[in-house]
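In: using only what follows, build the 3D model:
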Amino acid sequence: MNAAYPALRLRRTRAAGWSRRLHAENVLTTADLIWPLFVTEGERVEEPIASLPGVSRWSVDLLVDRAREAAALGIPCLALFPNTQRERRSDDGAEALNPDNLMCRAIRAIKQAVPAIGILTDVALDPYTAHGHDGVLDDAGYVLNDATVEVLIGQSLNQARAGADIIAPSDMMDGRVGRIRAALEQDGHVNVQIMAYAAKYASAFYGPFRDAVGSRGLLKGDKTTYQMDPANAEEALREVALDLAEGADSVMVKPGLPYLDIARRVKERFDVPVFAYQVSGEYAMIEAAVAAGAADRDAMVLETLLAFKRAGCSGVLTYHAAHAARLLTA
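Out: Below is the predicted model of the structure:
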């Protein structure tokens, strides 16, 4: 840099709004948003989630209304998560393989009503197991990797056959992406994408999500034997490399804001589409700050989402998606 003050004044390009917009290095649009939605049984049912103020579980018919709302706002994709009834949960998570389960009915209903919107589906067994873990347990309570992968393959095919556009394995089992990709190809689902939860950490920020899918009181122990240690970054790069080698179309970092360094390193190392999940605990913290009068919701939502773009993310899963879309299109 040769110029110096006063010939160079960095404030010069910040002096007017039009100039700030012209010089913006990153831009947030509605096309960057994926809206996570929770589905529950019944008709005309909305169940507000106490630990996620402003977020509800929706019966399939009302979930379709949310899909229409998303399409009208320019949100390109929904991420669906089921709140499976206790009586349908089992130790092996067999309800995940039921072609008429809550998730599959929701996929079909949305695709029939709003065919142009994308649907991302979570592939893991925690919404279906009686013990709240993401896989099948041995007698000592350890999650069995290979036995779990076999069930995840069936779950993925079940969702793809129902009309899912993106399969998103969130279980963190070794080798599952390659096995799922091969099964999708063999079953004719060549255009169904895989967004791998490649760097999913054993985080303290997931609590409200477990309330939403009904697994909080069920979980025995923790998930540290399969989700990543928050202390590790190099390991995240190894996980991403493996998932890409096995056929992932995109990768995810989860949680979001506490792991922006991971998102940036993944983008710089691999130059592939990277997504972040602004998880339930992050959402709840923003809402708590707003409720305490300590923050402005609109400003915080847009600033935090822009931070993901600055870190190199192609998009963000966020419970604030609809709110952000309204702000961006106002």
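
In: gap between the nearest residue to R176 once chain neighbours are set aside and L219?
Out: Nearest residue to R176, sequence neighbours excluded (CB to CB, 6 or more residues apart in numbering): V149, at 4.7 Å. Glycine gets a C-beta too; all of them are placed from N, C-alpha and C. Relative to L219, V149 is positioned 21 Å away (CB to CB, to the nearest Å).

In: tell me which helix or strand the residue nearest to R176 sits in.
Out: Element membership for V149, per DSSP states H and E: helix 145-162.

In: off-centre distance for that helix?
Out: The chain centre lies 18 Å from the centre of helix 145-162; the measure is CA atoms, centre = their mean, to the nearest Å.

In: counting by contacts, list what that helix packs against.
Out: helix 102-113, strand 118-123, strand 166-169, helix 176-186 (3 or more CB pairs under 8 Å, 6 or more residues apart in numbering; DSSP states H and E).

In: returning to what we had before: can you get me a residue count around the residue nearest to R176?
Out: 21 (other CB atoms under 10 Å).

In: contacts only, for it.
Out: M173, G175, R176, R179 (CB atoms under 8 Å, 6 or more residues apart in numbering).

In: now with 6 Å?
Out: By CB atoms under 6 Å, 6 or more residues apart in numbering, V149 lies in contact with M173, R176, R179.

In: how about F205?
Out: For F205, counting by CB under 6 Å, 6+ apart, the contacting residues are P255, V279, G281.

In: neighbour-wise, which of those residues leads?
Out: V279 (26 neighbours).

In: least confident secondary structure element in the protein?
Out: Ranked by mean pLDDT, DSSP states H and E, the weakest helix or strand in the chain is helix 207-213, scoring a mean of 89.

In: for this protein, which segments count as strands?
Out: 33-40, 46-48, 56-59, 77-82, 118-123, 166-169, 193-200, 250-254, 274-278, 315-318 (DSSP state E).

In: residues in contact with the fifth one: which ones?
Out: In this structure, residues lying in contact with strand 118-123 by CB under 6 Å, 6+ apart are 76-81, 107, 152, 155-156, 159, 164-170.

In: what pairs with that strand, parallel or antiparallel?
Out: When pairing is defined by DSSP bridges, strand 118-123 lines up against strand 77-82 (parallel), strand 166-169 (parallel).

In: turn those into CSV, including mean pLDDT and mean neighbour count.
Out: Output for the strands paired with strand 118-123, formatted as CSV (pLDDT from 0 to 100; neighbours: other CB atoms under 10 Å):
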stretch, mean pLDDT, mean neighbour count
strand 77-82, 98, 23
strand 166-169, 98, 26
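
In: would you list these in JSON lines and tack on distance to A245?
Out: Shown next, in JSON lines, are the strands paired with strand 118-123 (distance: least, CB to CB, whole Å):
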{"stretch": "strand 77-82", "distance to A245": "25"}
{"stretch": "strand 166-169", "distance to A245": "15"}
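
In: quick one, which of the ones you listed is nearest to A241?
Out: Closest approach to A241 among the strands paired with strand 118-123 (CB to CB): strand 166-169, 15.9 Å.

In: against L28, how distant is W18?
Out: Distance, W18 to L28, by CB to CB: 18 Å.

In: and those two? Which one has more around it.
Out: L28 (20 against 8).

In: wait, doesn't the more buried one sit right on L305?
Out: Yes - with contact defined as CB atoms under 6 Å, L28 counts as touching L305 (5.5 Å).

In: for T129, give me its contacts.
Out: Each residue near T129 by CB under 6 Å, 6+ apart is listed here: G93.

In: from P6, how far off is it?
Out: As judged by CB to CB, T129 and P6 stand 66 Å apart.

In: then A113?
Out: Counting by CB to CB, the gap from A113 to P6 is 60 Å.

In: and these two? Which one has more around it.
Out: Taking neighbours as other CB under 10 Å, A113 and P6 compare with A113 leading, 15 against 7.

In: re earlier: among the contacts of V149, who's most crowded?
Out: If you rank the contacts of V149 by neighbour count (other CB under 10 Å), R176 sits at the top with 26 neighbours.

In: in contact with it, which residues are there?
Out: Going by CB under 6 Å, 6+ apart, the list of residues near R176 reads V149, L152, P169.

In: circling back to that earlier point, I'd like the strands of the chain laid out as a markdown table, including distance to A212.
Out: Listed next are those as a markdown table, based on distance: least, CB to CB, whole Å:
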| stretch | distance to A212 |
| --- | --- |
| strand 33-40 | 5 |
| strand 46-48 | 9 |
| strand 56-59 | 7 |
| strand 77-82 | 7 |
| strand 118-123 | 12 |
| strand 166-169 | 16 |
| strand 193-200 | 17 |
| strand 250-254 | 15 |
| strand 274-278 | 14 |
| strand 315-318 | 14 |
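
In: thank you, goodbye.
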